[in-house]
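In: 3D, please:
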Amino acid sequence: MSKENNWLEEIELVISVLDSTEMHKAIKWGADVYTLNGKNVVSYGGFKNHFSIWFYNGVFLTDADKVLVNANEEKTKALRQWRITDVKEISKKKLKAYVQEAIQNEKDGKTWKPQKTNPVKIPNVLQNAFKTNKSLKTTFLALTPYKQKEYIEHFTGAKKEETNLARVEKATALILQGIGLHDKYKK
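Out: Numbering: from 1, shown residues only. Take a look at the predicted model:
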C-alpha cells in the first residue's frame, strides 16, 4: 500500500458497502460513524500502518474469517477492529456480510453491558491531600464513581511519587469545582 493515496481505495470500498445499508452516516469524533436507531454500529479510519474498520459491538460478531482483533485487551470490551494493510485483503462481499451481521445484532439488542466494578481504593497520595484540605475530600467523594476512578488512575499512573503528588496538586482546583479530569473533552 503506498502512502500517496492515503487509503483511498479502502475508503471507497467501505463507503460503498456502508452507504448501501439502512444505517445513517454521522460525524462523531471527527470521523464517519454509521448508526442504526441512534446507536453506533460501524466506523473506519486510516492510520500510519493500517486501515481499520471497527464494529462497536464486534464482540458479538461470529467472525467466521477470523479477521477481527481487540485493540486493547485490558480496556476494550466490545469493540473489534478489522485491520487492513492493502485493499486486496478485503472483499466487498465479505465486508457486507460482517456489516449485515452487525446491523442484525443491533436490531436484536445485542449490546455490551458494562460490568459493575468494586469501589476504587483511594491511594495514599490522595488520602494525604484530604488531611490538609477537608473540602477536597468532601467534593471528591461527591463526584460520580466514574470521575473518581479517572482521577485515581491518573494520580497513581506515574512511576515516581513526586509526579503523582504534582498530579494531585494540579487537579485539586478541578475537583473542588466538581469537574471530572476529562470533562473538557466531553460535550
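In: which residue is nearest the middle of the protein?
Out: With distances taken as CA atoms, centre = their mean, the residue of the chain nearest its centroid is residue 76 (7.0 Å).
In: grab the nearest non-local neighbour of it.
Out: Leaving aside its chain neighbours, residue 76 sits nearest to residue 70 (5.3 Å; criterion: CB to CB, 6 or more residues apart in numbering). C-betas here are computed from N, CA, C, even on glycine.
In: returning to what we had before: and the residue nearest to the centre of the chain, what element?
Out: Using DSSP states H and E, residue 76 sits in no helix or strand.
In: now it: how far from residue 54?
Out: Distance, residue 76 to residue 54, by CB to CB, to the nearest Å: 10 Å.
In: mind checking the longest strand of the chain?
Out: strand 39-46 (DSSP state E).
In: return that one as CSV; C-alpha atoms alone will do.
Out: Provided in CSV are the C-alpha atoms of strand 39-46 (Å, rounded to 0.1, in the frame of the first residue of the first chain):
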residue,chain,number,x,y,z
LYS,A,39,-26.6,3.6,18.1
ASN,A,40,-23.1,3.4,16.8
VAL,A,41,-22.6,0.3,14.6
VAL,A,42,-19.5,0.7,12.3
SER,A,43,-16.8,3.2,11.6
TYR,A,44,-13.5,3.3,9.8
GLY,A,45,-10.2,5.2,9.5
GLY,A,46,-6.7,5.1,8.1
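In: just how off-centre is that strand within its chain?
Out: Here the centre of strand 39-46 is set off from its chain's centre by 11 Å, with CA atoms, centre = their mean, to the nearest Å.
In: tell me what the helix-or-strand element of the chain with minimal mean pLDDT is packed against?
Out: Of the helices and strands making up the chain, the lowest-confidence element is helix 145-155, at a mean of 90, by mean pLDDT, DSSP states H and E. With contacts taken as 3 or more CB pairs under 8 Å, 6 or more residues apart in numbering; DSSP states H and E, helix 145-155 sits against helix 124-132, helix 134-142, helix 161-176.
In: out of these, nearest to residue 84?
Out: helix 161-176 (38.4 Å; CB to CB).
In: could you name the helices and strands sitting against the closest one?
Out: helix 124-132, helix 134-142, helix 145-155.
In: which one of those lies nearest to residue 109?
Out: helix 145-155 (23.8 Å).
In: got the CA positions of the closest one in PDB?
Out: The C-alpha trace of helix 145-155 is given here as PDB (Å, rounded to 0.1, in the frame of the first residue of the first chain):
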ATOM      1  CA  PRO A 145     -17.600   6.800  40.800                       C
ATOM      2  CA  TYR A 146     -16.500   7.100  37.200                       C
ATOM      3  CA  LYS A 147     -14.900  10.500  37.700                       C
ATOM      4  CA  GLN A 148     -13.300   9.300  40.900                       C
ATOM      5  CA  LYS A 149     -11.800   6.400  39.100                       C
ATOM      6  CA  GLU A 150     -10.500   8.700  36.300                       C
ATOM      7  CA  TYR A 151      -8.700  10.800  38.900                       C
ATOM      8  CA  ILE A 152      -7.300   7.800  40.900                       C
ATOM      9  CA  GLU A 153      -5.900   6.200  37.800                       C
ATOM     10  CA  HIS A 154      -4.300   9.500  36.900                       C
ATOM     11  CA  PHE A 155      -2.900  10.000  40.400                       C
END
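In: alright, that wraps it up for me.
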